[in-house]
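Visitor: let me see the structure of the following:
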Amino acid sequence: MKLYFFPGACSLASHIVAREAGLDIELDKVDFADKKTASGKDFRAINPKGTVPALELDNGELLTEGPAIMQYLADRNPASALAPAYDTLARYRLQEMLGFISTELHKRYSPLFNPDAPQSVRADSTAALQRQYALLDKRLAEHEWLVGDHFTAADGYLFTVTNWASHVGVDLSAFPAVLAFQKRVAARPAVQKALAAEGLIPQQ
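Guide: Okay, the predicted model is just below:
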């Protein structure tokens, strides 16, 4: 399998899940300036959406959208427990959390990366993020992980989007449980390997 990614973008969550699952995947970095991959391909021809992550499967098919990719990767190694079993309430809890992160956090950050976004839009997004982080902080003060009693794909996704806060001026100092969660995830060996592979921390 090949994962098309951009360092630190939402594709990092899929990369983390692949590492946590112990999967052997190839990485191909996308340059959004010229829409080319590190391997020299036209990314628009690979994924007409033009977004990462995109996962090229062994049979040549392409899977897009982070929550779908994360679940697919987790299911390649059920023993990793990155996603609960099919048709269990726990699986739907994972999907519930992935949906929450995608719509209430991930998309709220988007305007903050746009220097042309009106100040009113930026203020609204920041306020919305603060409200959602307050909910997450309460949960993480009571539970080590978002779903169940162990690390899942949802934790990798939350870690990834929350890493953006310092880059766009979102103050998380009022959420100590969220900050502790970020440190807890960052210390995981698989996460360290993913961060290093993307050039986000020094290679060890």
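
Visitor: can you list the buried residues in the helix or strand harbouring residue 185?
Guide: Counting by DSSP states H and E, the element that carries residue 185 is helix 176-186. Of the residues in helix 176-186, 177-179, 181-182, 184-185 count as buried by neighbour count, 16 or more other CB atoms under 10 Å. For every residue, glycine as well, the C-beta is placed using N, CA and C.

Visitor: on the pLDDT front, check residue 148 for me.
Guide: The model reports residue 148 with a pLDDT of 88.

Visitor: wait, it sits on residue 90?
Guide: Yes: between residue 148 and residue 90 there is a contact under CB atoms under 8 Å: 6.0 Å.

Visitor: hey, what's in contact with both of the two?
Guide: residue 84 (CB atoms under 8 Å, 6 or more residues apart in numbering).

Visitor: which pLDDT value belongs to the nearest residue to residue 47 once chain neighbours are set aside?
Guide: Leaving aside its chain neighbours, residue 47 sits nearest to residue 54 (4.3 Å; criterion: CB to CB, 6 or more residues apart in numbering). Confidence at residue 54, expressed as pLDDT, is 98.

Visitor: what comes into contact with the host helix or strand of residue 96?
Guide: Residue 96 belongs to helix 89-100 when assigned by DSSP H and E. Outside helix 89-100, the residues that touch it by CB under 8 Å, 6+ apart are 67, 70-71, 83-85, 132, 146-148, 152-154, 157.
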